[in-house]
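*Asks:* Just a sequence and a predicted model for now, questions to come.
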Number of protein chains: 2
Amino acid sequence: MRRGGMVIGIVAPASRLEPALAERTQEIARRLYPDRALELRFHPQCFLSAGHFAGDDDTRARAFLEVANDENVDAVWFARGGYGSGRLSERVLAGLTAGAGGKTYLGYSDAGALLAALYTRGFQWLAHGPVPADLRREGGEAAVKRALAFLLDRAPEALEPTVSAAVPTAAFNITVLSHLVGTPWQPDLTGHVLMLEEVSEQMYRIDRALMHITGNPAIRRVAGIRLGRCSAIPPNEPDFGQTAEEVVRHWCEASGIPYLGPADIGHDIDNKVVPFGPLRPT
Amino acid sequence: MRRGGMVIGIVAPASRLEPALAERTQEIARRLYPDRALELRFHPQCFLSAGHFAGDDDTRARAFLEVANDENVDAVWFARGGYGSGRLSERVLAGLTAGAGGKTYLGYSDAGALLAALYTRGFQWLAHGPVPADLRREGGEAAVKRALAFLLDRAPEALEPTVSAAVPTAAFNITVLSHLVGTPWQPDLTGHVLMLEEVSEQMYRIDRALMHITGNPAIRRVAGIRLGRCSAIPPNEPDFGQTAEEVVRHWCEASGIPYLGPADIGHDIDNKVVPFGPLRPT
């Protein structure tokens, strides 16, 4: 990162961002950092629409690579989740150039699919954390403020409180990680504390995805699992009879993975930043 | 199978079966085969209830093994799908004895998780096909009749029409197969025609699961994919803009897997029987 200033490039490899949210993000950045040479560059691709996605696969992959490979950009910020990042993994990995490796990448939820793919390539500055689309949540400014504090200053208060330089971490949405298992884009999480969170999935689906994840031999090499918040869980028919924590504890016990307690992450405004790997000195 | 007669053991490793459906299955079997020494043994476990499941994991695994290992039982018929079979894979595989290998196993949907696990052990008489719970569908008797015709007589008309002795096949629910990828229970489908079907999943979920399945290097060794019916697809927000067939064609092309056309399977009364492996002489 250039001292004092920063260019943050924003792309949307999954779903589309409403332009009003980009404007609000700009306003917040100007208000919080009036004296910093901070530039938020929303790539026009963020506002495209092609069915479920913010533009077709080629368009989204090209936009991502333009920003990632640009040596004048210090950080890549995912505009939002949704669905579609993983569809780009193969072409994104094929198109990365030298400029892409040194910068920070921040996002969560569906963005985890691309963060995972980049982590398989040894990228050192990947992080789970809030995105501009969190402004749709009531009080969402707190989330965006936290993301900017991390991107600009690696502010310790932006971090999930158990994150440290001593133990590598990673954070994923449960469903997104389940869909990475057994693919070339599944990252090696040996020795990592794996933090998991979920939103809007029935409990039997959470159980099934955790059965899947913890059944994978490579995942069994993590140092342990921490459970973030599982929110907006639709009713199960019949009632599942277990909380998300009970479900995670069950699969940790069945697979021999230590359960380490809660993680301060989730699809909400309190979602904290979790670096992929150990916390590195800036 | 003992000539002329047959004992079919029915268990429910996932969700519970309503007792009335067991009675109706018995009536249908008596009516269709009045002169055959056919016995349908519904294990009492089918009717248990523990939260989401037909009894807890230990109870369901024990019941499955009792029936599978019983040398006086010729075929194991899954009572229904739902969710929960895969939770038993580890203990079922650990508890199988010599009597389990020679008999037929028939089920579909969630049952695919256990069929897959048994296929990793080289079981030769596994098949995707209708279950007693299909009687809940209007006209469901046709499905149950087809299952019995297969179990008793390997009736050719019960089979998916492209099934042959020349090419090995396998059939899975898309979501169930996605949750097997990268686990020890993922079967080797090299050279198989892989038939897939889905029910009650939004199109973006179907797309995501197919991205996952076709991203797995071992799955890329199948001879090709055939698409069964994807039914009761809830609306996508925004509209996904592609049919299930277009989605499958996309992922086949992206992964280099030949797309071979439709398969006559699905969550409906027309669901045909698909053996795992080549069609074997009885």
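*Replies:* Good, I have the coordinates.
*Asks:* residues touching the residue in the stretch 1-150 of chain A that chain B sits nearest to, list them.
*Replies:* Proximity of the stretch 1-150 of chain A to chain B (Cβ to the nearest Cβ) peaks at A:Gly51, 3.3 Å away. The way it works is simple: take the backbone N, C-alpha and C, and place the C-beta from them, glycine included. Contacts for A:Gly51 (Cβ atoms under 8 Å, 6 or more residues apart in numbering or on different chains) come out as B:Pro238, B:Asp239, B:Phe240, B:Gly241, B:Gln242.
*Asks:* and what of A:Gly101?
*Replies:* A:Arg121, A:Gly122, A:Phe123, A:Gln124.
*Asks:* Distance of A:Trp251 relative to chain B?
*Replies:* Separation of A:Trp251 from chain B (Cβ to the nearest Cβ, to the nearest Å): 10 Å.
*Asks:* how many neighbours does that residue have?
*Replies:* By other Cβ atoms under 10 Å in any protein chain shown, the residues close to A:Trp251 number 21.
*Asks:* just A:Ala254 next, same as before
*Replies:* Using other Cβ under 10 Å, A:Ala254 is surrounded by 16 other residues.
*Asks:* Confirm that it sits in a helix.
*Replies:* Yes: counting by DSSP: H, G, I helix; E, B strand; the rest coil, A:Ala254 is found in a helix.
*Asks:* And it, how far from A:Ala223?
*Replies:* 18 Å (Cβ to Cβ, to the nearest Å).
*Asks:* And A:Thr59, by the same measure?
*Replies:* Distance from A:Thr59 to A:Ala223, counting by Cβ to Cβ: 39 Å.
*Asks:* Next: A:Gly182.
*Replies:* Counting by Cβ to Cβ, the gap from A:Gly182 to A:Ala223 is 21 Å.
*Asks:* What pLDDT is listed against the residue of the stretch 51-200 of chain A found nearest chain B?
*Replies:* As assessed by Cβ to the nearest Cβ, chain B sits closest to A:Gly182 within the stretch 51-200 of chain A, at 2.3 Å. Looking at A:Gly182, its pLDDT reads 98.
*Asks:* before we move on, what about the one 5 residues further on?
*Replies:* In the predicted model, A:Pro187 carries a pLDDT score of 98.
*Asks:* which stretches of the stretch 151-282 of chain A have low pLDDT?
*Replies:* Low-confidence segments of the stretch 151-282 of chain A, defined by pLDDT under 70: none present.
*Asks:* all helices for it, in order.
*Replies:* A:174-178, A:203-215, A:244-255 (DSSP state H, counting those that start in this stretch).
*Asks:* right, and those - which one's nearest B:Val248?
*Replies:* The minimum distance between B:Val248 and the helices of the stretch 151-282 of chain A falls on helix A:174-178, with 20.0 Å, by Cβ to Cβ.
*Asks:* what packs against the closest one?
*Replies:* Applying 3 or more Cβ pairs under 8 Å, 6 or more residues apart in numbering or on different chains; DSSP states H and E, one finds that helix A:174-178 contacts helix A:112-120, strand A:193-199, helix A:203-215.
*Asks:* The shortest one near chain B at all?
*Replies:* Yep, that's strand A:193-199 we're talking about. No: using Cβ under 8 Å from any Cβ of the partner chain, strand A:193-199 stays clear of chain B, coming no nearer than 14.3 Å.
*Asks:* Pull that strand out as PDB, backbone CA atoms only.
*Replies:* Taking C-alpha atoms only, strand A:193-199 is exported to PDB below (Å, rounded to 0.1, in the frame of the first residue of the first chain):
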ATOM      1  CA  VAL A 193      -8.500 -22.100  12.600                       C
ATOM      2  CA  LEU A 194     -11.500 -22.300  10.300                       C
ATOM      3  CA  MET A 195     -14.300 -19.900  11.000                       C
ATOM      4  CA  LEU A 196     -17.700 -20.700   9.500                       C
ATOM      5  CA  GLU A 197     -20.900 -18.800   9.200                       C
ATOM      6  CA  GLU A 198     -24.200 -19.100   7.400                       C
ATOM      7  CA  VAL A 199     -27.400 -17.300   6.400                       C
END
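*Asks:* tell me what it is packed against?
*Replies:* On a contact count with 3+ Cβ pairs under 8 Å, 6+ apart, strand A:193-199 meets strand A:169-173, helix A:174-178, helix A:203-215, strand A:224-231.
*Asks:* Chain neighbours aside, what residue packs nearest to A:Gln45?
*Replies:* Nearest in space to A:Gln45, with sequence neighbours left out and distances taken as Cβ to Cβ, 6 or more residues apart in numbering or on different chains, is A:Ala63 at 3.5 Å.
*Asks:* Contact partners for the one you found?
*Replies:* A:Val11, A:Ala12, A:Pro13, A:His43, A:Gln45, A:Gly55.
*Asks:* How about A:Ala111?
*Replies:* Applying Cβ under 8 Å, 6+ apart, we find A:Ala111 in contact with A:Pro13, A:Ala14, A:Phe78, A:Gly81, A:Ser85, A:Val131.
*Asks:* now A:Ala100
*Replies:* Counting by Cβ under 8 Å, 6+ apart, A:Ala100 makes contact with A:Leu65, A:Ala68, A:Asn69, A:Phe123.
*Asks:* quick one: which of these sit in helices?
*Replies:* Residues of the contacts of A:Ala100 located in helices (DSSP state H): A:Leu65, A:Ala68, A:Asn69.
*Asks:* Residues of the stretch 151-282 of chain A that sit close to chain B?
*Replies:* Neighbours of chain B within the stretch 151-282 of chain A, by Cβ under 8 Å from any Cβ: A:178-186, A:203-204, A:207-209, A:211-212, A:215-218, A:236, A:238-242, A:254.
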